[in-house]
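A.B. asks: Fold the following and give me the result.
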Amino acid sequence: MPPRRRPQQSAPSSVEHHLHPSQFVDAFLSYLQAECGMSLNTVKAYKNDIEQFVTWMNNSHVGSVLDVDLNALSQFLQALHERNLKPTTISRRLVAIKMFFRYLVLEGVVAESTVDLMSSPKLWQYLPTVLSPEMVDRLLDAPSWEDSFPKRDRAILTVLYATGCRASEVAGMQLRDLRLEENYCRCLGKGNKERIVNLNPVARKALDDYLHKERPQLIRRRDADDLFVTRTGRGVTRIMIWHVVKKYAKRIGCSDKISPHTLRHSFATHMLAGGAEIRALQEMLGHASIRTTQIYTQVEHSRLKSIHTKCHPRG
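C.D. replies: Here you go, the predicted model:
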């Protein structure tokens with residue numbers, strides 16, 4: 001007969017007083033990076049989410065991981081809602097907590113994870129910002145001779161839109177990963193998963209101009225393996241790419257909410273509108289779950305609904 005599971009809602013014993021979540025955080029973060037293969041940026045995000053949960057537990061006098069039941073979790077989610085956080089932010093916090101408690105189950109700290117009984121907040125209310133194809137064209141054409149490195153900046157913008165890559169993935173691209181004559185490039189995504197991303201003619205021409213007319217000047221003082229480099233020959237960072245997108249979005253009068261991820265969203269939505277299959281799009285974006293990709297079907301449905309309302313004579 002299997003041993004009885006230890007209930008999480010039992011009165012805390014002297015041993016349970018030592019099961020404060022803070023003592024497991026560092027080991028959990030090491031587990032995410034070493035065994036789950038998560039990137040440093042993802043681990044940092046998990047760290048922030050878990051630390052905020054631990055702070056809430058301290059303020060709410062929940063002293064042990066064994067005391068985290070559905071009632072406590074509901075109170076935590078209510079506290080997040082009261083801060084007017086986005087549904088996606090709340091969902092991410094809940095995912096981090098779920099991963100944390102699954103780790104505690106694996107380590108034998110708790111017998112079962114109550115957190116898995118919680119449902120994530122509905123995400124259908126959140127639709128990512130998407131640029132129209134015409135606005136994307138304006139953004140890609142925004143770099144000019146007045147800018148310090150217009151060819152590099154245009155190449156970055158065209159690669160973001162042509163591939164749907166994240167800013168961190170574009171920043172991490174190496175020169176050896178590029179196969180310009182074959183119209184593709186390798187990139188390293190989340191969890192150190194490598195995938196092939198295709199380049200369209202616009203991106204290929206922009207890259208060719210940058211590689212032959214601008215990059216040689218930027219690397220004259222040092223050897224560089226990075227595809228995109230700064231004025232000193234060092235590889236660009238995802239923050240630099242973020243600033244590049246912000247700069248040119250402002251120039252063409254776009255919302256200040258535009259970011260590198262907006263081009264990723266636009267790529268996915270435009271691909272669906274062009275007839276791409278959802279599974280193929282999942283592979284292009286490097287999504288681990290098809291559920292993440294399916295949000296773009298809602299974006300496309302929202303777009304079509306808007307067109308119907310605007311154009312139908314009885315709309």
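A.B. asks: Not counting sequence-adjacent ones, nearest residue to Phe149?
C.D. replies: Take Phe149 and drop its neighbours on the chain: the residue closest to it by Cβ to Cβ, 6 or more residues apart in numbering is Glu214, 6.1 Å away. The way it works is simple: take the backbone N, C-alpha and C, and place the C-beta from them, glycine included.
A.B. asks: How many neighbouring residues does that neighbour have?
C.D. replies: By other Cβ atoms under 10 Å, the residues close to Glu214 number 18.
A.B. asks: With the one 10 residues further on instead?
C.D. replies: Ala224 has 18 neighbours, counted by other Cβ under 10 Å.
A.B. asks: Now find how far off-centre the helix or strand containing Thr89 is within its chain.
C.D. replies: Thr89 belongs to helix 87-106 when assigned by DSSP states H and E. The chain centre lies 16 Å from the centre of helix 87-106; the measure is Cα atoms, centre = their mean, to the nearest Å.
A.B. asks: cool, stretch 183-195 as well?
C.D. replies: 14 Å.
A.B. asks: Report the contact partners of the closest residue to Phe101 other than its chain neighbours.
C.D. replies: Distances taken as Cβ to Cβ, 6+ apart put Ser113 closest to Phe101, at 4.0 Å, once the chain neighbours are dropped. Ser113 sits next to 98, 101-102, 104-105 when contact means Cβ atoms under 8 Å, 6 or more residues apart in numbering.
A.B. asks: give the contact list for the residue nearest to Phe149.
C.D. replies: Per Cβ under 8 Å, 6+ apart, neighbours of Glu214: 149, 151-152.
A.B. asks: Helices - which of these land there?
C.D. replies: 151-152 (DSSP state H).
A.B. asks: Tell me the most packed of the contacts of Glu214, by neighbour count.
C.D. replies: Within the contacts of Glu214, neighbour counts (other Cβ under 10 Å) peak at Arg152, which reaches 27 neighbours.
A.B. asks: Check whether that one really touches Lys213, as I assumed.
C.D. replies: No. Applying Cβ atoms under 8 Å as the test, Arg152 and Lys213 come out as separate, 9.9 Å apart.
A.B. asks: related to what we said a few turns ago, neighbour count for the contacts of Ser113 - can I get that in CSV?
C.D. replies: Output for the contacts of Ser113, formatted as CSV (neighbours: other Cβ atoms under 10 Å):
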residue, neighbour count
Lys98, 16
Phe101, 24
Arg102, 16
Leu104, 23
Val105, 14
